[in-house]
Each structure stands twice: as structure tokens, then as C-alpha cells.
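K.L.:
Okay, here's the prediction I keep looking at, along with the sequence it came from:
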Amino acid sequence: MQNADSVVLPHTGDDEHANTSESTPLVGHGLKPLSKRELAISRVQFFALCWSIFLIGWNDGTIGPLLPRIQDYYDVGFATVSWIFVLGCIGIVFGAFINLPLTPTLGFGKMLVFGGSFSIVAYGLQSLRPGWHTFVLSFFIGGIGMAMQDAHANAFVALVKHNNELKMGLLHASYGLGALIAPISATLFAQTPHWSSHYWTSFGLSIINVVVLALVFRLKVQDVCLREGGEHVPEPDESQPPHKFTQILKMKATHLLALYLLTYIGVEVTIGAWTVTFMMIVRGGGSYTGYVASSFFGGLMLGRVILIPVSRKFGEVNAAYLYTVLAIAFQLVVWLVPSFTINAIAVCLIGIVLGPMYPIAMNHSGRIFPRSLVTGAIGWIAACGAAGAAALPSLTGNIAARFGIESLQPFLVVAMAFMGFFWYLVPKHPQRTT
């Protein structure tokens, strides 16, 4: 088991074919100092990726406060409105599938812009309040774009040697920031007749995202962008046959990490999407209960920064167990203590302890996968994990339709327990290809 001070990361690019199956330790010693130009480029690249992840958080934080208005406007119940999550899930999985074969052809920069363009189309449709079927279809389109952007942003930062742990934490803190701000906007618009105007804001932000990604990365491949930011990238070994997809899918670690992240992200988005409804119906919250979702995502953002020292002290693997136990304890408070105020505080605390888990999983992926597979592996795991953002909220909606929204809390407790179990099964040492 490795602690945070001996992070092991591979490093590669879009077209690398390194013949080693070993992961390379990337510690903070022996790194070439960045020139002023390289440092500036690296920071701009990182900011652009943070903005992209910010919008994914914005998307996930939007739906909770607007869900009651969507149900009223389209006159649909819990089970029917859950098709939003189902189609989003299908879109994310589809995006993950097409991401792997398209990346060698288009390259890193073009894939980021391509993925961002799907978000523009999705938000454009949602802002028009079209018919129910078209509205639901827009979440499929948006899911494709989010899968592509999430995969490439995570893979790129995982391959950055300089301040890797901090950058991975900040990258995902930007997700929490987006998910924190979005419910504030969505709650305000939910009080007006034109609730879909929130999606016009999302539409504008997604256009800015595509422009920024195009200007910063200039449609270049990953290796070139990494080198421009001062990262050392080994020359590709063309003797290695390019059967990466098959190799990735043959590795047990791929599927276990995908299961872990699917459950984790599913829990995270389920809390953000359905807790507002639970607090309004069961705890008697008013029209501004949407701010509870903001407190959760604010905690998520905060936890990804302030708990870095805790993760270093205990080691990231052990810290993940600690955070899981605390999350279950706070979730039991929400379930068993019938107080709106105490529940709202507990929801925020859940966000704080859940926050570091995704960056930990991404860093751990970099430790255990061979360098020749890291980009594809992290991309696939991140995209499959993102499917949990649709799968678990959809399942929650169907369970709530049958047993009531009160079923949310025991469902989340069980899901968190499974999350800890999957983390236990994830390999803790570097893996070799077969």
C-alpha cells in the first residue's frame, strides 16, 4: 500500500505504445523545473480542464431543485421523470464506448471540443421546453458529451507529474463548485414561471467551454499538450500491438474500479437530485429547500481540498475506508433524526467526507495500471463510473414511486455499504497485462 507521498502514476499520450507493464513512480523528487512559459501553459491547461469539469458539476447540481417543476410542467410522476436519468445513463455509456475508438483518430484536443459540442445541443433543447420525449432525449445527448470530457480531463491530469495530487483534488473540487452554484441558480429559476431559463444559462456556459477548450488545446493530441506544459513524455514504442481496448477489458481492476465509481457517483448524484424532494415532502421544507443541495455540493468541493492532509496521513487507500464509514454514519442521521436543520447539516457533512473519494480513485487508477493503458483505462473507468450518475437516481425514482420518497435514506445507506465493499475488492498493487 502506498501513501500520498509516493504516488505512482504512469505517463503516456494518445498514441503511445510503451512495451512495459510496469507503473512508474512519480514522486516529487527529480522533476525538471518548469520554465515560466511552461508553467503558464500548464496553469492555463489546468484551468480549462477545471472549467470543463465545473460544467459537469453544474449539470449534476441542476436537476434536484428543478425536478419538482419538471414533474409539474410535464405532469409526470417519480417513475416517469426517472427517464431523465435512464437516458442520461445510456448517453454516458454510449459516450464511453465511442470515446475509445475515436480518440486515436481525432486526438485529445478534438475529442474535448467534440464532447463539449454535445452539451451545447443538449442545453439548447432543454431551454426550449420541448415535448416530453424530446426533453428526455436531450439528456442522452448531454450524457455523451459529459462522458468524453470527463474521461479526457481525468486522464490528462493523471499524467501530469508536477503537483499531481493537488491538481487532481482541485480538478474535482471544481466539479463540486459547479454543483454548488447550479442549485442556487436552479432554485431561483424554479420559483418563476420560466423555470427553463436556467438552461439558457447552461447553454451560454457550454459555449464558453467549447471556445476555451479549442483555444487552449488547439485541437492537438495529448502528448503535444503535455510537453507544452513541461511534462516529460516518453517516445512511443511502435512494437507494441495496439490492442489496448481488449487489454483494458481483460483486467479485473478495470471492472472493480468501474463498479466502485459507478456506485460512488450514483450515491453522490442521487443525494443531489432527490434529497431536495425528500426534505420538502418528509421534513416539511419550503420552496428554498433547493439550497440543501448546494450545501451538499459545497461540502463536496470543500472536502476535496481540506481533507488532502488527512488522506496523506492515513494513506489514500485507508482514508477511503474512513470516509465511507463517516458517510454512512451521517446518512443514518438524515434517516433517523426527524429534524430539517440537523438533516441539512448532516447532508453537508456527507458531502465533505464523500468529496475526496473520486480523486483518490483516479490517483489509484494511475498507480495500478500499466503506463501503456492508463489513458484508455482511466477514460473508460471514469465514463462507466459516470453512468452511476444516471443509474442510481433512476432506480431511486422507481423505488420512490412504489414505496415513497422515504425509501431514499435506506437505499443510500445500502449503496454506501456496497461502495465500501467494492473498494475493498479493488487491487492495491500495480497490475500486469495478460
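P.N.:
Yes, it's here. Numbers count the residues shown, from 1 in each chain.
K.L.:
ok, residue 405 - contacts?
P.N.:
Residues in contact with residue 405, defined by Cβ atoms under 8 Å, 6 or more residues apart in numbering, are 78, 274, 277, 278, 281, 282. Where you see a C-beta, it was placed from the backbone N, CA and C, and this is true even at glycine.
K.L.:
Surely residue 145 and residue 112 touch.
P.N.:
No: at 10.0 Å, residue 145 does not count as touching residue 112 under the criterion of Cβ atoms under 8 Å.
K.L.:
Among the contacts of residue 405, which ones are in helices?
P.N.:
Judged by DSSP state H, the subset of the contacts of residue 405 located in helices is 78, 274, 277, 278, 281.
K.L.:
For the residues you listed, which single residue is the most surrounded?
P.N.:
Most neighbours among the ones in helices among the contacts of residue 405, by other Cβ atoms under 10 Å: residue 278, with 26 neighbours.
K.L.:
Show me what the worst-scoring helix or strand of the chain on mean pLDDT is packed up against.
P.N.:
When the helices and strands of the chain are scored by mean pLDDT, DSSP states H and E, helix 374-386 comes last with a mean of 76. Contact analysis of helix 374-386 by 3 or more Cβ pairs under 8 Å, 6 or more residues apart in numbering; DSSP states H and E lists helix 83-106, helix 132-158, helix 244-250, helix 252-281, helix 357-368 as its packing neighbours.
K.L.:
What are the buried residues along the longest one?
P.N.:
Residues of helix 252-281 classed as buried: 253-281 (neighbour count, 16 or more other Cβ atoms under 10 Å).
K.L.:
Ok, the second one next?
P.N.:
Within helix 132-158, the residues scored as buried using 16+ other Cβ under 10 Å are 135-158.
K.L.:
what's the angle from it to helix 357-368?
P.N.:
Inter-element angle recorded for helix 132-158 and helix 357-368: 50 degrees (by axes from the mean of the first three to the mean of the last three Cα atoms, to 10 degrees).
K.L.:
So for helix 132-158, mean pLDDT?
P.N.:
Throughout helix 132-158, pLDDT has a mean value of 91.
K.L.:
Can you get me the centre-to-centre distance for it and its chain?
P.N.:
Centroid separation for helix 132-158 versus its chain: 10 Å, with Cα atoms, centre = their mean, to the nearest Å.
K.L.:
can you check the longest one too?
P.N.:
Helix 252-281 sits 10 Å away from the centroid of its parent chain (Cα atoms, centre = their mean).
K.L.:
Stretch 129-140 now?
P.N.:
Distance, centroid of stretch 129-140 to centroid of chain: 23 Å (Cα atoms, centre = their mean).
K.L.:
what sits up against that stretch?
P.N.:
Contacts for stretch 129-140 (Cβ under 8 Å, 6+ apart): 73-74, 76, 83-85, 87-88, 90-91, 94, 121-123, 125-126, 196, 390.
K.L.:
filter those to the buried ones?
P.N.:
For the contacts of stretch 129-140, a burial check counting by 16+ other Cβ under 10 Å picks out 76, 83-85, 87-88, 90-91, 94, 121-123, 125-126, 196, 390.
K.L.:
Identify the farthest-apart pair in those residues.
P.N.:
For the buried ones among the contacts of stretch 129-140, the maximum inter-member distance is 25.1 Å, found between 94 and 196 (Cβ to Cβ).
K.L.:
Which of the helices and strands packed on helix 374-386 sits closest to residue 409?
P.N.:
helix 252-281 (7.5 Å).
K.L.:
gap between residue 327 and residue 272?
P.N.:
14 Å (Cβ to Cβ, to the nearest Å).
K.L.:
For burial, what's the neighbour tally of residue 383?
P.N.:
30.
K.L.:
That one against residue 94, yeah?
P.N.:
No: counting by Cβ under 8 Å, residue 383 does not reach residue 94; the two are 9.6 Å apart.
K.L.:
and the gap between residue 99 and residue 413?
P.N.:
To residue 413, residue 99 is 33 Å away according to Cβ to Cβ.
K.L.:
between these two, who's got more neighbours?
P.N.:
Comparing residue 99 with residue 413 by neighbour count (other Cβ under 10 Å), the higher total belongs to residue 99, at 25 against 17.
K.L.:
and that one, what does it touch?
P.N.:
Here residue 99 is in contact with 111, 147, 148, 151, 152, 379, 380, 383 (Cβ under 8 Å, 6+ apart).
K.L.:
excluding its backbone neighbours, what's nearest the last one?
P.N.:
Which is residue 383. Sequence neighbours aside, residue 96 is the residue nearest to residue 383 in space, at 3.1 Å (criterion: Cβ to Cβ, 6 or more residues apart in numbering).
K.L.:
Count the neighbours of that neighbour for me.
P.N.:
Residue 96: 25 neighbours (other Cβ under 10 Å).
K.L.:
so who does it touch?
P.N.:
147, 151, 379, 380, 383, 384, 386, 387.
K.L.:
The same query, at a cut-off of 7 Å, please.
P.N.:
Listed by Cβ atoms under 7 Å, 6 or more residues apart in numbering, the contact set of residue 96 reads 147, 380, 383, 384.
K.L.:
how close does the first one get to residue 133?
P.N.:
Noted for residue 147: a distance of 22 Å to residue 133, by Cβ to Cβ.
K.L.:
Report the mean confidence score over the host helix or strand of residue 304.
P.N.:
Assessed by DSSP states H and E, residue 304 sits inside helix 290-306. For helix 290-306, mean pLDDT rounds to 87.
K.L.:
Which strands and helices lie in contact with the next helix or strand after that helix?
P.N.:
Next along the chain after helix 290-306, taking DSSP H and E as the criterion, comes helix 308-314. Identification of packing neighbours for helix 308-314 by 3 or more Cβ pairs under 7 Å, 6 or more residues apart in numbering; DSSP states H and E yields helix 316-336.
K.L.:
what comes up buried for the helix it packs on?
P.N.:
Quick answer for helix 316-336 (16+ other Cβ under 10 Å): 316-317, 319-320, 323-324, 327-328, 330-335.
K.L.:
ditto for stretch 177-193
P.N.:
Within stretch 177-193, judged by 16+ other Cβ under 10 Å, the buried ones are 177-187, 189-190.
K.L.:
again, but for stretch 47-54
P.N.:
Within stretch 47-54, the residues scored as buried using 16+ other Cβ under 10 Å are 48, 49, 50, 51, 52, 53, 54.
K.L.:
Give me the distance from it to the chain's centre.
P.N.:
On Cα atoms, centre = their mean, the centre of stretch 47-54 falls 12 Å from that of its chain.
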